[in-house]
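**Student:** Sequence and computational prediction follow.
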Amino acid sequence: MNNHNQKIKFILNLFALLFVFSLSSQNIPNAEIKTLDGDTTNLQTIATNNDLLIVSLWATWCTPCKNELDAINDEYDDWVEETGVKLFAISVDDSRTVKNVKPMVNGKGWEFEILLDTNGDLKKALGAPTVPVTLIIKNGEIVFRHSGYNPGAEDDLFEELKKYI
């Protein structure tokens, strides 16, 4: 194969790789969410202000969600130190159960940011039929998505996270 053909093959492979990568990332929806203080924000704004994020959709009534966030909280300080990641745990509790969020968070002593998706707008925009759903967002793009939780999945999440530092 001559040098010209090798260059063409390299360029085509590069475009193919970029195309596949672009298919694997997802844009961040612009759905409104609230802070525990009632201020309005959205995930796009949060992603713009942070290079590397973990977003976890959870609910107070979801045992696997709470187990996942407890497991992550145990390691969170080390994760922040090693990767600079910031975690936003976004409760999808609706108007009937949202009153349980603050007391639960205070009791758990979670060290990450808690937000509220009471209307389920973000959950719907992400196409998340159930929780927990965990995302890694790098430079404003969703680069990893996982649904459900089993003990030890936090270790897999951390390994995935380290790919993006």
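**Tutor:** Sure, I can see it.

**Student:** N30 in helix, strand or coil?
**Tutor:** Under DSSP: H, G, I helix; E, B strand; the rest coil, the three-state class of N30 is coil.

**Student:** Based on its surroundings, how many neighbours for it?
**Tutor:** By the measure other Cβ atoms under 10 Å, the count of residues near N30 is 12. The way it works is simple: take the backbone N, C-alpha and C, and place the C-beta from them, glycine included.

**Student:** Tell me if I'm right that it and N42 touch.
**Tutor:** Yes. In this structure, N30 is within contact of N42 by Cβ atoms under 8 Å, at 5.4 Å.

**Student:** Could you list the low-pLDDT ranges of the protein?
**Tutor:** Along the chain, the model assigns pLDDT under 70 to residues 1-25.

**Student:** for the protein, what spans make up the strands?
**Tutor:** When assigned using DSSP state E, the strands of the chain occupy the ranges 26-27, 32-35, 40-42, 52-58, 86-91, 113-116, 133-138, 141-147.

**Student:** Tell me which residues touch D51, please.
**Tutor:** 84, 138-139 (Cβ atoms under 8 Å, 6 or more residues apart in numbering).

**Student:** The same query, at a cut-off of 7 Å, please.
**Tutor:** N139 (Cβ atoms under 7 Å, 6 or more residues apart in numbering).

**Student:** for it, phi and psi?
**Tutor:** phi -70, psi -40 (degrees, to the nearest 10).

**Student:** ok, it to W110 distance?
**Tutor:** Computed with Cβ to Cβ, to the nearest Å, the distance linking D51 and W110 is 22 Å.

**Student:** now L126
**Tutor:** The gap separating L126 from W110 is 21 Å, by Cβ to Cβ.

**Student:** In this structure C62 contacts P132, no?
**Tutor:** Yes. The pair C62 / P132 is scored as a contact, 6.5 Å apart, by Cβ atoms under 7 Å.
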